[in-house]
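>>> sequence? don't have it. structure:
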């Protein structure tokens with residue numbers, strides 16, 4: 001009976017809060033908290049390239065409220081229709097979790113052979129320039145690259161001049177793709193909210209196919225393409241314009257988030273990365289064995305392109321979309337309103353701002369203002385939690401740009417052939433896959449804190465709107481869940497993800513220190529395998545950032561992952577390749593271990609940044625706009641609950657409360 005009274009009281013309180021929210025004018029601060037149009041405050045944090053926009057009229061807001069009610073009914077109808085569909089027409093995390101090993105296998109199978117091809121190309125150009133009178137036939141460059149060169153591959157790979165040349169080509173390709181990805185990946189990520197995840201993934205895969213085909217053409221016919229081997233940059237340009245790897249990863253992460261609950265999200269991300277590393281473990285060995293059996297290095301590139309083509313067909317025509325049509329329609333309507341506001345802006349600064357529009361997804365990573373209370377005093381400060389997490393993620397993900405140079409370093413220092421490099425990649429990737437798919441989920445299950453629910457002393461006490469997941473948000477999340485179910489969510493606090501990320505950074509610090517000091521190949525492989533225990537950094541950071549974004553009231557996860565993809569593109573495809581390439585080019589002839597010490601330093605910085613993250617409970621977010629209260633503040637004024645009110649803590653796993661401690 002008391003439980004029914006509590007639920008009835010909670011329902012009434014929710015009705016009052018919802019009515020208050022609908023009756024209140026939606027100012028720019030609410031659009032910022034809900035990841036709406038670009039606001040002056042967010043852009044000022046990036047460079048002050050925008051003028052303040054005018055607020056929409058009250059008539060438009062009233063129409064928006066009616067449209068929300070229609071969207072709610074359409075959403076319920078579409079969920080019921082989806083539930084009646086056969087399993088192959090329902091979105092599920094298993095679509096991409098089952099496909100990613102094959103796609104990764106195809107990509108990583110060409111890693112070591114690609115370096116060999118570039119090494120032979122640069123070696124040919126370098127030796128030919130040193131001995132122009134030799135009987136070297138440049139027309140047969142394609143055949144010499146594929147099969148035999150008059151110089152030993154080990155001699156070429158150990159030559160500092162050749163290594164610097166290969167590093168220059170690899171850095172140019174990665175930087176070209178990365179710069180263009182930064183201009184496009186945020187836009188593609190936002191577009192996935194309006195037109196679907198699978199649509200954007202299909203476009204990104206088309207760019208990957210163009211890159212594969214372009215590399216094959218350049219390798220087979222280097223003398224017949226403009227610019228010779230530098231024509232490989234054309235594929236990088238196309239791939240970057242279509243979003244590249246960062247857009248594909250962002251769309252997949254958004255797809256997984258659409259099909260996951262709060263508790264299963266980190267586990268699904270971990271499983272996804274674990275199977276990704278499974279493909280990465282099998283791919284290099286498969287590529288090495290294929291080259292050995294066929295005696296033709298190009299066979300592995302044909303195989304990789306074929307697998308990517310099949311992957312593109314499945315993405316375009318088989319895999320169901322995770323977003324409901326009404327969700328995409330709502331996002332398109334919001335985008336149209338934002339575009340209308342932007343068109344009304346005139347002047348020089350708004351047009352200059354458009355040049356930096358690729359940075360606009362980073363606005364949601366900017367620190368918002370929150371109200372704090374300490375020693376009976378209230379003050380406002382900024383919450384830097386999500387910002388620090390994003391910067392730490394950028395430091396770590398920039399190491400993706402060092403992989404090619406680490407392969408060069410290992411091949412030159414330990415005199416490894418292409419086959420041995422493939423075996424090393426397989427060993428490290430297998431260790432990472434084993435950890436992420438088996439041991440890391442067990443760690444989450446064993447050490448995850450149990451849920452606690454806070455019940456009020458008085459049954460008439462209203463809800464605390466500042467709780468991390470309000471009833472309205474829980475209801476919305478249940479309705480928008482792709483399966484249409486109201487799942488029973490386990491307790492998974494963000495503090496647990498934060499601890500896992502810190503521990504992962506510490507493990508990587510130790511791993512890279514041992515790799516730099518490893519005197520023998522065996523110790524180098526062992527130190528690399530030790531780093532597999534730190535691969536949980538990425539899934540935990542994604543889960544943590546998503547929860548921090550949800551606390552702000554954000555709902556469009558595609559834009560969040562688009563922002564994280566901009567960070568990834570900046571770090572792994574621009575800053576990372578350029579910085580690590582510069583370091584390796586300058587130190588390869590003197591102290592090549594500098595490359596690994598720089599990588600270790602980035603993990604040290606990431607650990608320090610994560611140590612500064614503070615997860616404050618029940619801290620209401622406010623707006624930066626002229627004292628306008630945020631929706632959370634208005635809810636707080638409506639319910640008027642003092643934070644010092646006594647509460648009873650009960651251990652429970654209530655699905656309606658999402659597994660979190662709530663003050664009712």
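Right, received. Where do you want to start? Since this is a predicted model, take the numbers as computed values, not measurements. Numbering: from 1, shown residues only.

>>> got a list of what residue 572 touches?
By C-beta atoms under 8 Å, 6 or more residues apart in numbering, residue 572 lies in contact with 178, 246, 397, 398, 399, 400, 401. No exception for glycine: its C-beta is placed from N, CA and C like everyone else's.

>>> Correction: the previous question concerned residue 78.
Shown in contact with residue 78 (C-beta under 8 Å, 6+ apart): 324, 325, 326.

>>> and the second one, what does it touch?
Same thing as residue 325. If you count contacts by C-beta under 8 Å, 6+ apart, then residue 325 has 74, 78 around it.

>>> Now for the chain, the helix or strand with the poorest mean pLDDT.
The helix or strand of the chain with the poorest confidence is helix 28-33; it has a mean of 36 (mean pLDDT, DSSP states H and E).

>>> Next, count neighbours for residue 385.
21 (other C-beta atoms under 10 Å).

>>> Farthest pair within the contacts of residue 572?
With C-beta to C-beta as the measure, no two of the contacts of residue 572 lie farther apart than 246 and 399, at 14.9 Å.

>>> Which one's more surrounded, the two?
Taking neighbours as other C-beta under 10 Å, residue 246 and residue 399 compare with residue 246 leading, 32 against 21.

>>> didn't the more buried one look like it was pressed against residue 571?
No - Residue 246 lies out of contact with residue 571 (C-beta atoms under 8 Å); the separation is 9.8 Å.

>>> quick one on the thing from earlier: show me the contacts of residue 78 that map onto strands.
When DSSP state E is applied, the contacts of residue 78 are split such that none fall in strands.

>>> what's the closest non-adjacent residue to residue 176?
residue 236 (4.2 Å; C-beta to C-beta, 6 or more residues apart in numbering).

>>> any residues touching the helix or strand where the one you found lies, and which ones?
For residue 236, the host element (DSSP states H and E) is helix 232-241. With contacts defined as C-beta under 8 Å, 6+ apart, helix 232-241 is touched by 169, 172-174, 176-181, 183-184, 207-208, 210-215, 218, 227.

>>> Can you give me every residue that contacts residue 173?
Neighbours of residue 173 in contact, by C-beta under 8 Å, 6+ apart: 232, 233, 236.

>>> Can you tell me which of the residues you listed is closest to residue 449?
For the contacts of residue 173, the nearest to residue 449 is residue 236 (45.5 Å; C-beta to C-beta).

>>> distance of that closest one from residue 215?
As for residue 236, its distance to residue 215 is 10 Å (criterion: C-beta to C-beta, to the nearest Å).

>>> go on, residue 411?
Distance from residue 411 to residue 215, counting by C-beta to C-beta: 20 Å.

>>> To what extent is the residue nearest to residue 176 buried, counted in neighbours?
Neighbours of residue 236 (other C-beta under 10 Å): 26.

>>> ok, now residue 328?
18.

>>> Can you tell me the element it falls in?
helix 325-344.

>>> Give the buried residues for that helix.
Neighbour counts over helix 325-344 (16 or more other C-beta atoms under 10 Å) mark 326, 327, 328, 330, 331, 334, 335, 337, 341, 342 as buried.

>>> Likewise for stretch 113-127?
113-127.

>>> dump the residue contacts of residue 98.
Applying C-beta under 8 Å, 6+ apart to residue 98 gives the contacts residue 275.

>>> Could you report the distance from it to residue 298?
Counting by C-beta to C-beta, the gap from residue 98 to residue 298 is 29 Å.

>>> Nearest residue to residue 335 in space, please, no chain neighbours.
Residue 335's closest residue in space is residue 194 (C-beta to C-beta, 6+ apart), at 5.8 Å.

>>> any idea which helix or strand carries the one you found?
helix 160-195.

>>> Next SSE downstream of that helix?
Next along from helix 160-195, by DSSP H and E: helix 197-220.

>>> any idea of the angle that next one forms with helix 325-344?
80 degrees (axes from the mean of the first three to the mean of the last three C-alpha atoms, to 10 degrees).

>>> okay, the angle between helix 197-220 and helix 232-241?
Using the same axes, to 10 degrees: helix 197-220 against helix 232-241 is 180 degrees.

>>> Return the list of helices and strands in contact with helix 197-220.
The contact analysis (3 or more C-beta pairs under 8 Å, 6 or more residues apart in numbering; DSSP states H and E) places helix 197-220 against helix 141-146, helix 160-195, helix 232-241, helix 244-258, helix 298-317.

>>> change it to 6 Å
helix 160-195, helix 232-241, helix 244-258, helix 298-317 (3 or more C-beta pairs under 6 Å, 6 or more residues apart in numbering; DSSP states H and E).

>>> Contacts for that helix, please.
Helix 197-220 is touched from outside by 117, 142, 188, 191-192, 225, 231-232, 234-235, 238-239, 242-243, 247-248, 251, 254-255, 301, 305, 308, 312, 315-316, 319, 321-322, with contacts defined as C-beta atoms under 6 Å, 6 or more residues apart in numbering.

>>> Now do the same for that helix: mean pLDDT, whole number.
The pLDDT scores in helix 197-220 average 89.

>>> One more: stretch 233-249?
The model assigns stretch 233-249 a mean pLDDT of 87.

>>> Please apply the same query to stretch 93-110.
Stretch 93-110 comes out at a mean pLDDT of 88.

>>> Residue 430 versus the residue lying closest to residue 516 once chain neighbours are set aside, what's the distance?
Once flanking residues are discounted, residue 516 sits nearest to residue 596: 3.8 Å by C-beta to C-beta, 6+ apart. Applying C-beta to C-beta, the value for residue 596 to residue 430 is 21 Å.

>>> Repeat that for residue 79.
40 Å.

>>> In contact with residue 365: list those residues for me.
Residue 365 neighbours (C-beta under 6 Å, 6+ apart): 386, 387, 390, 563.

>>> just residue 112 next, same as before
284, 418, 421, 422.

>>> cool, and residue 601?
Contacts of residue 601 (C-beta under 6 Å, 6+ apart): none.

>>> Okay, it and residue 517: tell me how far apart.
Taking C-beta to C-beta, one finds residue 601 at 15 Å from residue 517.

>>> ditto for residue 340
Taking C-beta to C-beta, one finds residue 340 at 60 Å from residue 517.

>>> How about residue 109?
31 Å.

>>> which one of those two has more residues nearby?
Shown here are residue 109 and residue 517; by other C-beta under 10 Å, residue 109 has more neighbours (29 against 13).

>>> Residue 603 touches residue 510, doesn't it?
No - look at residue 603 against residue 510 with C-beta atoms under 6 Å: they stay out of range, at 9.3 Å.

>>> Between the two, which is the more surrounded one?
residue 603 (26 against 16).

>>> ok, and for the helix or strand harbouring the more buried one, which residues are buried?
Per DSSP H and E: residue 603 is located in helix 594-611. For helix 594-611, a neighbour-count test (16+ other C-beta under 10 Å) marks 594-600, 602-603, 606-607, 609-610 as buried.
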